[in-house]
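> Predicted structure and sequence below. I'll ask about it afterward.
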Amino acid sequence: MQLEERYGLFIGGEWVEPRSGEYQPTVSPATEEPLAEVAYGGAEDVDFAVGAAREAFSNGWSSLPGSERAKYIFRIARVLQERSREFAVLESLDGGKPIRESRDVDVPLAAAHFFYYAGWADKLEYAFPNRRPQPVGVAAQIIPWNFPLLMLAWKVAPALATGNTVVLKPAETTPLTALLFCDVLRQAGLPPGVVNIVTGDGRAGAELVKHPDVDKVAFTGSTEVGKAIQRAIAGTNKKLTLELGGKAANVIFDDAALDQAVEGIVNGIYFNQGHVCCAGSRLLVQESIYEPVIAKLKRRMGTLRVGDPLDKNTDVGAINSKEQLDRIQELVAAGEAEGAEIYQPPCRLPEKGWFFAPTVFTNVAQSYRIAQEEIFGPVLSVLTFRTPEEAVEKANNTAYGLSAGIWTEKGSRILYMASRLRAGVVWGNTFNRFDPASPFGGFKESGFGREGGLQGLEPYLDFEGKPESFGG
Ligand code: NAP
Ligand code: MG
């Protein structure tokens, strides 16, 4: 894998110097060492990128037959597969996630997303019969740092399949795979200006969403910034989808296969250091099996290896940034102060870099901050329940509603729970499973709109003479 010393902005199919003149380093969270310098786009850069996207939209991309667009998207998917090792290493270097996860989850799923949406590009008339789907125009897409390449794929693939053009802003701490992706776009021969990448911080994101020539905003990130974006574009015609935070309940019934459930709990909260919007961060255990579940969980936590993200035996990598580590530490201190009981398995953390041991809190009351707020780290809060009704009530007792998990032997109980849980995704006897054919998105403060599946096409389309059914 070759890194440049310095990256400009990718606009109109070319690397350009930022008009802002600003560059900042992106660092490896596992070593705190700088990896490369990255341009920080400003208002003028955003304007330039939106102009390039508009030109590409008007000069051919939007009127290209779907079967032709599909060829480009298939090519992107294939090149991603061919270069998967390179992408996996870069994702782990820049973001701190274990190489096993970037290799086996992030990169293959990103490619799968492009394959899936390539298949829809020439079938939009069948996906929305009698509704005459039309592309919306220029899409502004803003993504977070927890799944940098995968979130890019979730955003770019449906936008291209539906005939839109894109300006994407990666997160400040993880721009490198998006920049390597520009090389993939060139290899795939995508016409200039169809996808533009403007790196930078929240300022570039704020300029992008309010740009008057942007028709559609797709945002994944915190609820706080999601609300700010909604305010910023209120009163305009821009379409909006928001994929925001979560505080998912993972509900374990007494008839569940306990060893499998414990694997699901571990995967639910320690996958990607818990930097997962749909993480199973609240464990709800039926009272009668509380003791064995917690004993098994603590034993299993002792086998997790925390350390170098590039070591393929690592289970828990680095925390993405110093700011995120501070936030985790603050919330963990609040949990202890409020009276919860903390457990961390004995494990030696690397001396350099930002790391946090897998943590579980028992004796948690529903009112505690660690039961209410999104920690976005490897920290689990355990609550108990007696009846299914009580489980539903507790699981829904949150401002969020992104995902949930149910562990039970009874299929009927999974259906009973799933129909009562106010969550966009409900997993049965599994957790954190993703498939491009399956829609993903939130209820309540977890946002609105869906990504993935047929539903994920709709926010990128206008329909002639018909009211829209989704996505604002
Ligand atoms: P964030 O602070 O909201 O940032 C997300 C993106 O928005 C970043 O690219 C950020 O740039 C940019 N941004 C910041 N301020 C902005 C503004 N005023 N206008 C426009 N864009 C702005 O979130 P984060 O801390 O990076 O990510 C963690 C959050 O994302 C968690 O709450 C998590 O639950 C959520 N998330 C949700 C999903 C989902 O699908 N629902 C998926 C993944 C993550 P900078 O990086 O430069 O700040
Ligand atoms: Mg970084």
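Yes, it's here. Ligands and ions are numbered 1, 2, ... in the order given.

> So which bits of the stretch 251-400 of the chain are right by ligand 2?
Residues of the stretch 251-400 of the chain lying close to ligand 2 by CB under 5 Å from the ion: none are found. For the C-beta atoms, the positions are set from N, CA and C on the backbone; glycine is no exception.

> which residue sits closest to Val251, ignoring its sequence neighbours?
Nearest residue to Val251, sequence neighbours excluded (CB to CB, 6 or more residues apart in numbering): Leu284, at 4.5 Å.

> Remind me which helix or strand the one you found belongs to.
Here Leu284, judged by DSSP states H and E, is contained in strand 282-286.

> list the helices and strands the helix or strand just after that strand packs on?
Next helix or strand after strand 282-286 toward the C-terminus (DSSP H and E): helix 290-301. Contacts defined by 3 or more CB pairs under 8 Å, 6 or more residues apart in numbering; DSSP states H and E place helix 290-301 against helix 258-270, strand 359-362.

> Could you tell me how many residues sit around the residue nearest to Val251?
24 (other CB atoms under 10 Å).

> With respect to ligand 1, which of the helices and strands packed on helix 290-301 lies nearest?
When the helices and strands packed on helix 290-301 are ranked by distance to ligand 1, counting by CB to the nearest ligand atom, first place goes to helix 258-270 at 13.5 Å.

> tell me the contacts of His248?
Actually, residue 248 is Ala. It isn't His. Gly268, Cys278, Ala279, Gly280, Ser281, Arg282, Tyr400, Leu402, Ser403, Ala404, Gly405, Ala423 (CB atoms under 8 Å, 6 or more residues apart in numbering).

> Angles on the backbone of it, please.
Main-chain torsions, Ala248, degrees, to the nearest 10: phi -70, psi 140.

> Can you tell me the SS state at the residue in the stretch 1-150 of the chain positioned nearest to ligand 1?
As assessed by CB to the nearest ligand atom, ligand 1 sits closest to Pro144 within the stretch 1-150 of the chain, at 3.3 Å. Of the three states, Pro144 takes coil under DSSP: H, G, I helix; E, B strand; the rest coil.

> and it, how many neighbours?
A count of neighbours around Pro144, defined by other CB under 10 Å, yields 24.

> Now do the same for it: its pLDDT.
Looking at Pro144, its pLDDT reads 98.

> which one is Glu125 nearest to, not counting chain neighbours?
Leaving aside its sequence neighbours, Glu125 sits nearest to Pro133 (CB to CB, 6+ apart; 7.1 Å).

> who's in contact with the one you found?
Leu124, Glu125, Ala127, Thr162, Leu457, Leu461, Asp462, Phe463.

> just the buried members of these?
Those of the contacts of Pro133 that meet the buried threshold are Leu124, Ala127, Thr162, Leu457, Leu461, Asp462, by 16 or more other CB atoms under 10 Å.

> Those residues into JSON lines, with extra columns for secondary structure?
Below are the buried ones among the contacts of Pro133 laid out as JSON lines (three-state DSSP):
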{"residue": "Leu124", "secondary structure": "helix"}
{"residue": "Ala127", "secondary structure": "helix"}
{"residue": "Thr162", "secondary structure": "coil"}
{"residue": "Leu457", "secondary structure": "helix"}
{"residue": "Leu461", "secondary structure": "strand"}
{"residue": "Asp462", "secondary structure": "strand"}
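
> Compute the inter-axis angle for the strand holding Leu284 and helix 258-270.
Angle, strand 282-286 to helix 258-270, by axes from the mean of the first three to the mean of the last three CA atoms, to 10 degrees: 160 degrees.

> Provide the contact partners of strand 282-286 at residue level.
Strand 282-286 has contacts (CB under 8 Å, 6+ apart) with 247-254, 265, 269, 293-294, 371, 380-386, 391, 394-395, 398.

> just stretch 55-66 next, same as before
12, 69, 121-124, 135, 137-138, 161, 163-165, 191-194.

> same thing but 7 Å
Residues outside stretch 55-66 that contact it (CB atoms under 7 Å, 6 or more residues apart in numbering) are Ala121, Asp122, Leu124, Pro135, Gly137, Val138, Gly163, Thr165, Pro191, Pro192, Gly193, Val194.

> Show me the two of those that sit farthest apart.
Leu124 and Pro192 (24.1 Å; CB to CB).

> Can you tell me the SS state at the closest residue to ligand 2 within the stretch 101-250 of the chain?
Of all residues in the stretch 101-250 of the chain, Thr173 sits closest to ligand 2, with a separation of 4.4 Å (CB to the ion). With three-state DSSP as the basis, Thr173 sits in coil.

> Tell me how far it lies from ligand 1.
Counting by CB to the nearest ligand atom, to the nearest Å, the gap from Thr173 to ligand 1 is 6 Å.

> and that residue, how many neighbours does it have?
Number of residues near Thr173 (other CB under 10 Å) recorded here: 21.

> just Val276 next, same as before
Val276: 23 neighbours (other CB under 10 Å).

> go on, Arg386?
Other residues within reach of Arg386 by the criterion other CB under 10 Å amount to 10.

> Fine by me, we can end here.
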